[in-house]
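Engineer: Here is my input, please return the structure:
(one chain, ligands or ions: 1)
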Amino acid sequence: MQLLSVASEIYPLIKTGGLADVTGALPAALAGEGVASRTLVPGYPAVIARIGKAKVVRRYEALFGVPATVLAASVEGLDLLVLDAPDFFAREGGPYGDHAGNDWGDNWRRFAALSRVGADIAADGLKGWRPDVVHVHDWQAALTAAYMRFGPAHAVPKIVTIHNLAFQGRYGADVFGQLGLPPEAWGMDGVEYYGGVGYLKAGLVSADAITTVSPTYAEEIRSPMHGMGLDGLINGRVDRLYGILNGVDTAIWNPADDPLIPKAFSGRALAGRGANRRALEQQFGLDADDAPIFIIVSRLTWQKGMDLMVDALDHLVGLGAKLALLGSGDHPLEGAFLGAADRHRGRIGVRIGYDEPMSHLMQAGGDAILIPSRFEPCGLTQLYALRYGCLPVVARVGGLADTVIDANAAAVAAGAATGLVFAPSDPLALHGAIARTVRLHGDRPVWQAMQRAAMRADVSWGQSAARYAALYRSLLTAAA
Ligand code: ADP
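Structural biologist: Numbering: from 1, shown residues only. Next comes the predicted model:
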């Protein structure tokens, strides 16, 4: 089976969050299920720099008014199709905005162009290659499904995956006339959304199947609280909605063989963690002692509950624990964490920025990772943490609820506990979970048993890749 994926990020070429980890890891996992994937991504500078000599497989004299080519290249085992449209993508800054964090004003056009090209490839194929199924990710690629539905590729099965419903790609109604969609695409059953244009919404009404990245999030988005205005639509299509848990690339995240950490370790040889712990303390200027080290690797935003975290810092230090935080995001939150590090020298260390190698060291040397999210479609950092024996302390939402087994008495007795789970959005529950973690950490046999159980948990793509492949096959059968 030939699959075309369309996405705005892919690890290891361009990443701002979990989306890139997923689009980067899924192709190899799907290959084991007999699915050959090609992934269409924008030609950002970081992507163009990595692909080297690439073949031009499609040309546009004017794609939304600008010249563009599609390049075929293979990087680190990924079969890529790169949309090289310098007017849209050859910019300094991030994939969605400038260095200061302002979104590019023409994002509507940049990602409509990406989606248009995805649909064109679905319709015409590329030099002897044609996708059987098209799988698109998040709002940036969601219009692909609408272009397909209202164009020649309408019969090709199309799947839209929601990685985060909070980001929807909403623009003014004036954009519609420039999208090149037929007039019938306007309206409640098309791209129209509360009087404007909604890219994700358009994808969700056009797709043959909707997936999201955990079973619990698939349930949550049917409620007004988590539906972000789309719960009505999603409930109307619930017969086509699937929650398929993300996995992780277990070759890149492997504590027994990770070039990014000072000392390899395994569930059987946990002592190796000690060297990583010392390196972590040094990197973050933390006191060298036996107190538990909490880590945070996160976007610093309200979604991630980072405001609640700021308010819990004095409590954490008061319990004798330490914290190493790596992240970036809202400036007031960055300032609040830096201020706390100043107040609690040796106990709280903070790095503002994005640092992939450092995130590996933190998982390898930290004792517990704090994830107090208000909502979390899947979450990947708790999966990395499980694999590295850094116990996840998580809010009971979305994929966090699906992947961490709380250390209640029964679970501890059964040897099943892999972390701590607490009520979301509740400062007292967060305080309680931190205190509970510190107590458990003091009980070495129990803590180590939990670490081993965590490291045994299956966080690979195995089962989920099989579910995606089964979904593709069922859609192909239905379309035949
Ligand atoms: P989201 O995609 O909502 O940000 P996820 O948990 O799904 O959250 O994925 C976040 C990914 O980004 C993980 O791979 C995590 O390790 C990584 N990450 C987040 N912040 C940083 C950072 N400051 N430095 C390095 N990696 C980070």
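Engineer: alpha carbons only for contacts and neighbour counts from here, please
Structural biologist: Will do.
Engineer: how's this protein carved up into domains?
Structural biologist: 2-247+462-479, 255-456 (automatic domain parsing).
Engineer: Those domains into CSV, with extra columns for distance to the ligand, mean neighbour count and mean pLDDT?
Structural biologist: Formatted as CSV, the domains of the chain follow (distance: least, Cα to the nearest ligand atom, whole Å; neighbours: other Cα atoms under 10 Å; pLDDT from 0 to 100):
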stretch, distance to the ligand, mean neighbour count, mean pLDDT
domain 2-247+462-479, 3, 20, 97
domain 255-456, 4, 20, 98
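Engineer: Tell me the secondary structure at Gly346.
Structural biologist: coil (DSSP: H, G, I helix; E, B strand; the rest coil).
Engineer: Can you name the residues that contact it?
Structural biologist: By Cα atoms under 8 Å, 6 or more residues apart in numbering, the contact list for Gly346 reads 285-287, 322.
Engineer: What is the most widely separated pair among the residues you listed?
Structural biologist: Within these, two members stand farthest from each other by Cα to Cα: Gly285 and Lys322, at 10.6 Å.
Engineer: Which members of the contacts of Gly346 occur in helices, if any?
Structural biologist: When the contacts of Gly346 are checked against helices using DSSP state H, none is located there.
Engineer: Between those residues, which sits nearest Tyr242?
Structural biologist: Nearest member of the contacts of Gly346 to Tyr242, counting by Cα to Cα, is Lys322, at 39.5 Å.
Engineer: Do a quick rundown of the strands in the stretch 1-150 of the chain.
Structural biologist: Counting by DSSP state E, counting those that start in this stretch, the stretch 1-150 of the chain has these strands, from start to end: 2-6, 36-42, 55-63, 66-75, 78-84, 133-137.
Engineer: Let me have those strands in TSV, extended by distance to Asn254.
Structural biologist: Listed next are the strands of the stretch 1-150 of the chain as TSV, based on distance: least, Cα to Cα, whole Å:
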stretch	distance to Asn254
strand 2-6	26
strand 36-42	24
strand 55-63	34
strand 66-75	21
strand 78-84	20
strand 133-137	26
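Engineer: Which of the ones you listed sits closest to Ala100?
Structural biologist: strand 36-42 (20.9 Å).
Engineer: Okay, now the sheet partners of that closest one, with direction.
Structural biologist: Within its sheet, strand 36-42 is paired with strand 2-6 (parallel), strand 78-84 (parallel), according to DSSP bridges.
Engineer: closest one to Asp402 among the ones you listed?
Structural biologist: Judging these by Cα to Cα, what sits closest to Asp402 is strand 2-6, at 25.7 Å.
Engineer: List the contacts of that closest one.
Structural biologist: 35-41, 114-115, 118, 122, 130-137, 141.
Engineer: again, but for stretch 305-313
Structural biologist: So stretch 305-313 is in contact with 300-301, 333, 336-337, 340, 371-374, 425-427, 430-431, going by Cα under 8 Å, 6+ apart.
Engineer: how far out from the middle of the chain is stretch 242-259?
Structural biologist: Remark: stretch 242-259 is offset 13 Å from the chain centroid, using Cα atoms, centre = their mean, to the nearest Å.
Engineer: try stretch 37-44
Structural biologist: On Cα atoms, centre = their mean, the centre of stretch 37-44 falls 17 Å from the chain's centre.
Engineer: Show me where the stretch 151-300 of the chain has its helices.
Structural biologist: Assigned by DSSP state H, counting those that start in this stretch, the helices in the stretch 151-300 of the chain fall at 199-206, 215-220, 224-227, 231-236, 273-283.
Engineer: brain fart, the stretch 351-480 of the chain
Structural biologist: Counting by DSSP H, counting those that start in this stretch, the helices of the stretch 351-480 of the chain are 356-365, 381-388, 398-403, 409-414, 427-441, 444-456, 462-479.
Engineer: Output those helices as a markdown table; include the columns distance to Tyr171.
Structural biologist: As requested, those are arranged in a markdown table below (distance: least, Cα to Cα, whole Å):
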| stretch | distance to Tyr171 |
| --- | --- |
| helix 356-365 | 33 |
| helix 381-388 | 32 |
| helix 398-403 | 28 |
| helix 409-414 | 48 |
| helix 427-441 | 35 |
| helix 444-456 | 43 |
| helix 462-479 | 31 |
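Engineer: closest one to Ser214 among these?
Structural biologist: Once these are compared by Cα to Cα, helix 398-403 is nearest, at 5.1 Å.
Engineer: can I get the CA coordinates of that closest one in CSV?
Structural biologist: Output of helix 398-403 as CSV, limited to C-alpha atoms (Å, rounded to 0.1, in the frame of the first residue of the first chain):
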residue,chain,number,x,y,z
GLY,A,398,-5.9,12.9,27.4
GLY,A,399,-3.0,10.6,26.5
LEU,A,400,-1.5,11.2,30.0
ALA,A,401,-4.4,9.3,31.5
ASP,A,402,-4.0,6.5,28.9
THR,A,403,-0.3,5.9,29.5
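Engineer: who touches it?
Structural biologist: 213-217, 220, 245, 375-379, 382-383, 394-395, 421.
Engineer: same check, this time on stretch 33-41
Structural biologist: 1-10, 27, 30-31, 78-83, 114, 118, 465-466, 469.
Engineer: One more pass at 6 Å, please.
Structural biologist: 1-8, 27, 79-82 (Cα atoms under 6 Å, 6 or more residues apart in numbering).
Engineer: Can you say which two of these are spatially most distant?
Structural biologist: Farthest pair in the contacts of stretch 33-41, by Cα to Cα: Met1 and Ser8, 22.9 Å.
Engineer: Ala466 and Ala341: what is the separation?
Structural biologist: Distance from Ala466 to Ala341, counting by Cα to Cα, to the nearest Å: 45 Å.
Engineer: Asp138: what's its closest spatial neighbour, skipping adjacent residues?
Structural biologist: Once flanking residues are discounted, Asp138 sits nearest to Ile162: 5.2 Å by Cα to Cα, 6 or more residues apart in numbering.
Engineer: same thing with Asp406?
Structural biologist: Leu420 (4.4 Å).
Engineer: Please list all residues in contact with the one you found.
Structural biologist: Under the criterion of Cα under 6 Å, 6+ apart, the contact list for Leu420 reads 393, 406-407.
Engineer: Next, check those residues against the strands and list the overlap.
Structural biologist: Members of the contacts of Leu420 lying in strands (criterion: DSSP state E): Val393.
Engineer: coming back round to it: mind picking the one among the contacts of Gly346 that's closest to Tyr199?
Structural biologist: Lys322 (43.0 Å).
Engineer: Bridge partners for the closest one, pull those for me.
Structural biologist: The partner residues for Lys322, given DSSP bridges, come to Ile293.
Engineer: what's the answer for Leu63, then?
Structural biologist: Beta-bridge partners, per DSSP bridges, of Leu63: Val66.
Engineer: Show the end-to-end separation of stretch 47-58, please.
Structural biologist: Note: stretch 47-58 ends 18 Å apart using Cα to Cα.
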